[in-house]
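>>> Any chance you can model this:
(chains A, B and C)
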Amino acid sequence: MIPGVSIYELLTVTSLLFFIGVYGFVTRKNLISILISVELILNAAVINFVVINKYLYPDMLQGAVFGIFIIAVAAAETALAVAIIINLYRQISSVEVEEIETMKH
Amino acid sequence: MEKIIFYILAAIMVIFAIASVTSRKMLRSVVYLLFVLCGVAGIYFLIDYNFLAAIQLTIYAGGIIVLIIFSVLLVHHIEMQLELAKPSRQLLAALACLLGLGLFLTTIYLHPFEVVDNTNTISTAEIGTLLLSYTDGGFILPFEVISVLLLAAMVGAIVIAKGKKLSTNNQSTS
Amino acid sequence: MMYPYVLLIPLIPLAVFLLLGLFNQKIKPEVSGYIGVGGLLISTILAAITAFEYFITTGKVDGAYEPYVFKTVWMHFSETLHIDMGYLLDPISVMMLIVVSVVSLMVHIYSRGYMKGDQGYTKFFAFLSLFSFSMYGLVLATNLFQIYIFWELVGVSSYLLIGYYYTKESAVAAAKKAFIVTRFADLGFLIGILIIGYYTGTYDFEMLTDPEGSAILSWATTSFMGLSVLTWGLILIFIGGAGKSAMFPLHIWLPDAMEGPTPVSALIHAATMVVAGIYLVARLFPMYYFVEDGFALQVVAYVGAFSALFAALIAITQNDIKRVLAYSTMSQLGYMMLGLGVSGYEGAEGLGYMASMFHLFTHAMFKALLFLCAGSVIHAVHSNYLKDMGSLRKYMPVTHITFLVAALAISGIPPFSGFFSKDEILVAAFEQNKLIYVVGVVVAALTAFYMFRIYFGIFWGKTPGYEKTPHESPTSMTVPLIILALLSAGAGFIPFSEYVTADRMGFEAHLNYPLALIASAVGIIGIAAAWIFYKKENPLPDRMANSLGKLYIWTYHKFYIDEIYLFVTKKILFKRISGPFAKFDKKYVDGTMVGIGNSTVSTSEKIKGIQSGKVQDYALAFIAGAVILGILFIYLWK
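Numbers count the residues shown, from 1 in each chain, chains lettered A, B, ... in the order given. Okay, the predicted model is just below:
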């Protein structure tokens, strides 16, 4: 644990990060920007796992292991998202959400 | 000392996160994200989870950000300004987020955490053992699942990104 | 099982119906005719065997004909109350089997000639088979519900056959009329069944009609408006029977039903279906007789007598020969009801019952014959009206002779069959109720008169200018005529009282010579009057009509019964009661529904923007909702 820093402060920071990510997810209109927002949300979650592990259950490792898993999943997700974005760009020359709506029809 | 470093890191993370989701230049917002991720890695260092910090730096900062930058460069003109959402929508989203934040914070501050004082640090060996352990509390199964997931994601990414163009190229070359 | 083949009697026509109905287009008309006739021939033979075994060899136990019942439980309600399916053999059901089989077979054979070249030849035979099946089922029914089911089935087949020429508007209207009127009467029947089932706890004929049984003995326990509930139930059942048997005032459908093909009229509307009402009363006769000391039976007797007189009067003035026959049928049905009404139960007192069944039997033969003759005549001159006929005896000798036999039989001239049955009804009436006896005698005279009126009108009198010379009908039509004529002439000599009696014991019936003399005398007077009026063309009928004035006009218009019905339904029911209801329904009930629909549409128009299909919108809504729910449940809801 960090000397002089309480768990409350750390959790405050992660909550902030999480809601900034949510805000970005809702307001951005570009697929890549949305992806960035999702990364923010994921990171906030990972920090929470790790911090709670460290502060409350220092003898265990579960939090850290879950952090690793989340990072792995995030990596996989990003790879796929990028693949989709590139493919989409080839098809319709745009990555704006509005334009992708054509797929609905 | 650590306290000051933490506050600096927290400030960096929050400011660059906000910048990242509001910037109207795509590439910049990716770079801001990079800063946020580095800040997260700093937090890991501070709480003595060095292995996790290393992973954060290599996979996120090194791998994911590079991937995103690649895609930005592939599909985007760097100069292009990003469209913004309607003000009403921004307001609505901000309001919802602030409300949620308030909810989170009140809940967190009202909860009495039983913090255990410690200076434990974890070694890479411990994590490796745990990941491959099949006794109680071992993570061998999720580990394998993640491995398969990564493989599937890799194959899927290649197939999706290959698209039609490559196949037509193949045909024309053969 | 003693009579295993009885089940086949109704099932063969059903099979024929399904075969002809399903492969309507595939079967050639000639083949379908043979199938129909063949199927019914087998049924007829089986019915004859049944009758022989029942009446002659095995049926009689200790001097009485024991009913034979075969049944399985179909719907189980309680230990005593369950609905069965099966067949019941007793003297009247076996007798009805014979009647239905013989007439139906004759009509089938006749139809092969009469319907030749018709578009729906196969369909016609399919419907005839359906009718035969239903009628057999009705006759063999073991309980009130089974009879009700087949009762409705004969109603349906009658509807189908009346409306057979469905391109003709009048036929469609007549079919609907028949269906609605009888359906209306059946409502009474159904309520009656339910009342009787509720208060006696059984639907089974055997238990209901046992004079010593609990069903009959319990009649005094519950009463309603001064009468036993069972009496009400029986009167309601009689209303159902009156609907089918065209008793006044539910008779209006029968004359219109003559729109159907003539063989149908002969089969359904003269010989079989219309006697279902009589059969029903006869079936429940012990109930009618013992419950409330026969109050319901009195109702039956008076309704029957009135209908007989009423219809006979109308029949005199009608010019459409089929309508004359229809009213004549109604009159004779009234006669049978009357006969049941004046009957007693035990031994020779049950003369009226036996005579009524006897008359049912003979009437089925000679009335079917009359209709088939009329069909033959209509076939030849292509008209239903008396004015288009005359002097046909020269062109159609077979039809002429057979018609004459039937007319003599219905007029009650000895030794033709009608004489015996009618005479016995009159004897029974004389012993019970002099008023009804007088009505019966008058009706007998009128019957002879109107019958010979059309007889002379058709076969004698003037010769209208025929466009084509009429010719005798083909053999397929004349053979049934001859067979039926033989039956009509000879059926009177069957010792009916030995076989069919109210208490199933059998007794010796004797001719009551003075009464028989009166009966045949009035018949002869009627014939003589008709001879004077109609043998040659003369002004007498017109003068007679003029001198009677109003009465003639009233009878000509059938006493305006149809008009009264129309007035009641159209002017009062539809306009005053149904109209406002319909308006209310259209304006408010419908309006509410349409309003709900419209507001749904407009609301959805307004809110369809919410369903944008954008994940981000949904995410925003989801997060906002989750946050609000979190606040609500964690902090506000304590």
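>>> What sits closest to the residue positioned nearest the centre of chain C if chain neighbours are left out?
Residue closest to the mean C-alpha point of chain C, counted by C-alpha atoms, centre = their mean, is residue C:274 at 2.2 Å. Spatial nearest neighbour of residue C:274, excluding adjacent residues (C-beta to C-beta, 6 or more residues apart in numbering or on different chains): residue C:245 at 5.3 Å. In short, each C-beta sits where N, CA and C put it, glycine included.
>>> How many residues are close by the one you found?
31 (other C-beta atoms under 10 Å in any protein chain shown).
>>> so where's the chain uncertain?
Assuming you mean chain A. Scanning chain A for pLDDT under 70 picks out A:1, A:98, A:100-105.
>>> I was after chain B.
B:76-79, B:163-174.
>>> about what we covered before: let me know the distance separating the residue nearest to residue C:274 from chain A.
Shown here: residue C:245 relative to chain A, a distance of 70 Å by C-beta to the nearest C-beta, to the nearest Å.
>>> so what's the backbone phi/psi at that residue?
phi -90, psi 10 (degrees, to the nearest 10).
>>> Same question for residue C:212.
phi -90, psi 0.
>>> Please list all residues in contact with whichever residue of chain B sits closest to chain A.
Among the residues of chain B, residue B:21 lies closest to chain A, at 3.1 Å counting by C-beta to the nearest C-beta. Counting by C-beta atoms under 8 Å, 6 or more residues apart in numbering or on different chains, residue B:21 touches A:20-21, A:23-24, A:27-28, A:33, A:36-37, A:40, B:29.
>>> and with 7 Å instead?
A:20, A:23-24, A:28, A:37 (C-beta atoms under 7 Å, 6 or more residues apart in numbering or on different chains).
>>> Pull whichever helix or strand residue C:280 is part of out as CSV, backbone CA atoms only.
Remark: residue C:280 resides in helix C:276-283, with elements defined by DSSP states H and E. Output of helix C:276-283 as CSV, limited to C-alpha atoms (Å, rounded to 0.1, in the frame of the first residue of the first chain):
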residue,chain,number,x,y,z
ALA,C,276,-88.3,-36.8,-35.4
GLY,C,277,-90.5,-34.6,-33.2
ILE,C,278,-93.2,-37.3,-33.0
TYR,C,279,-90.5,-39.9,-32.4
LEU,C,280,-89.1,-37.8,-29.6
VAL,C,281,-92.4,-37.5,-27.8
ALA,C,282,-93.0,-41.2,-28.3
ARG,C,283,-89.6,-41.9,-27.0
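>>> Need the contact partners of it.
So helix C:276-283 is contacted by C:92, C:96, C:138, C:147, C:151, C:154, C:205, C:237-238, C:241-242, C:244-245, C:288, C:300, C:333, C:336-337, C:340, C:353, C:356-357, C:360 (C-beta under 7 Å, 6+ apart).
>>> Now do that helix: distance to the chain's middle.
10 Å (C-alpha atoms, centre = their mean, to the nearest Å).
>>> helix or strand right after that helix?
With DSSP H and E setting the assignment, the helix or strand that follows helix C:276-283 is helix C:285-290.
>>> What residues of stretch B:142-152 count as buried?
Neighbour counts using 16 or more other C-beta atoms under 10 Å in any protein chain shown place B:142-143, B:146, B:149 of stretch B:142-152 among the buried residues.
>>> now, which of those residues lie close to chain A?
Taking C-beta under 7 Å from any C-beta of the partner chain as the test, chain A is in contact with B:142, B:146, B:149 out of those.
>>> Just put the residues you listed in TSV and tack on distance to chain C and secondary structure.
TSV is the format used below for those (distance: C-beta to the nearest C-beta, whole Å; DSSP: H, G, I helix; E, B strand; the rest coil):
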residue	distance to chain C	secondary structure
B:142	27	helix
B:146	26	helix
B:149	22	helix
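>>> Which parts of chain C are strands?
Applying DSSP state E to chain C gives strands spanning C:60-61, C:64-65, C:68-76, C:82-89, C:223-224, C:227-228.
>>> highest average neighbour count across the ones you listed?
Greatest average neighbour count among the strands of chain C goes to strand C:82-89 (a mean of 20), per mean count of other C-beta atoms under 10 Å in any protein chain shown.
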